[in-house]
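>>> need the 3D shape of this:
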Amino acid sequence: MKLVWSPETASSAYIHTVRTVRILSIYGAPLELYKESSVAEYLSATAAGWNTRLIVETWRRGEPIATSVGLAVAAIHTCGRHVCIVPDEESRLEYETVMKRAVVSEATEIVVGESVEDVVDRLSGVDFLVVDSKRGEYVKALGLANMSKMGAVLVCKNATQKSIPGFKWHRVLRRGTRVVRSVFLPVGRGLDIAHVGASGGGDLKEVHSRWIKHVDPRSGEEHLFKRK
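Take a look at the predicted model:
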């Protein structure tokens, strides 16, 4: 078994996220909380399109929350779980308050843990993980993720502000983890994305080209990115 791409689900989640963030801005939600909207829409479509069932992210008080909205929407469309790891009770309260105004979903769970590495290590079957490149402890948690046997998609947002010099996927992931492909996308402040192959030799998707094409759903513009 492996993750299989569904363009219909991706499109539905994308549109749902666009509408949700737009409605929140119209009704006076603090704009600074949603300034990651382009990232939110892209990651929502990606997580939903791969039909991921356990979506994990990290967040702390005062950070933009648009990405969380997008991931919560994706979990609705895949009937999966959305787990957000926060460092303290203050972060949990702020996250819960804002998210209740944004998305009505029973799929979202908030886990409080001072050590994000310990929390990630306790989760099993992760197939979509998003961390903030600006925080070294979050990036290090990538190496502790117990990924799904069907494969996984790992995302470092704010990739142009990485806290670990010379970041390479093979240096932070567990030994033996098979990265099928990785790509940097100029979305928001940069998204560094790695696709991990399914255990047993299967890939997320068979790709013969060294180039990946991304079509912006809003503008229709095509962008080509060379695989690493």
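
>>> helix or strand for the residue nearest to the spatial centre of the chain, just tell me which one.
Among the residues of the chain, the one closest to the centroid is residue 130, at 3.8 Å (CA atoms, centre = their mean). Assigning secondary structure by DSSP states H and E places residue 130 in strand 128-132.

>>> repeat that for residue 57.
Assigning secondary structure by DSSP H and E places residue 57 in strand 54-58.

>>> now that strand against strand 128-132, angle please.
Per axes from the mean of the first three to the mean of the last three CA atoms, to 10 degrees, the angle that strand 54-58 makes with strand 128-132 is 10 degrees.

>>> who does strand 54-58 pair up with?
strand 81-86 (parallel), strand 128-132 (parallel) (DSSP bridges).

>>> okay, the ones you listed, which one's buried deepest?
Mean neighbour count, computed with mean count of other CB atoms under 10 Å, is highest for strand 128-132 among the strands paired with strand 54-58, reaching a mean of 26. In this view, the C-beta of every residue, glycine as well, is placed from N, C-alpha and C.

>>> which residues sit against it?
The contact list for strand 128-132 (CB atoms under 8 Å, 6 or more residues apart in numbering) reads 43, 46-47, 50, 52, 54-58, 63, 67, 71, 74, 120, 138-139, 141-142, 145, 147, 152-158.

>>> pLDDT on that strand, on average?
Strand 128-132 shows a mean pLDDT of 94 in the predicted model.

>>> what's the following helix or strand after it?
Per DSSP H and E, the first helix or strand lying C-terminal to strand 128-132 is helix 136-140.

>>> pull out the buried positions in that following helix.
138-140 (16 or more other CB atoms under 10 Å).

>>> surely residue 150 touches residue 195?
No: using CB atoms under 8 Å, residue 150 is not in contact with residue 195; the gap is 11.7 Å.

>>> what bridges to residue 84?
When assigned by DSSP bridges, residue 84 has beta-bridge partners residue 57, residue 110.

>>> contacting residues around it?
If you count contacts by CB under 8 Å, 6+ apart, then residue 84 has 56-59, 68, 95, 108-111 around it.

>>> how much space between it and residue 22?
In this structure, residue 84 lies at 22 Å from residue 22, with CB to CB, to the nearest Å as the measure.

>>> check which helices and strands the helix or strand where residue 117 lies is in contact with.
Using DSSP H and E, residue 117 falls within helix 116-122. When contacts are defined as 3 or more CB pairs under 8 Å, 6 or more residues apart in numbering; DSSP states H and E, helix 116-122 packs onto strand 81-86, helix 136-140.

>>> neighbouring contacts of that helix?
If you take CB under 8 Å, 6+ apart as the criterion, helix 116-122 is touched by 56, 58, 85, 87, 111, 113, 126, 129, 137-138, 140-141, 144-146.

>>> in it, what's buried?
Neighbour-count burial for helix 116-122 flags 116-117, 119-120 (criterion: 16+ other CB under 10 Å).

>>> so which two of the residues you listed are the farthest from each other?
Put simply, by CB to CB the two of these set farthest apart are 117 and 119, 7.4 Å from each other.
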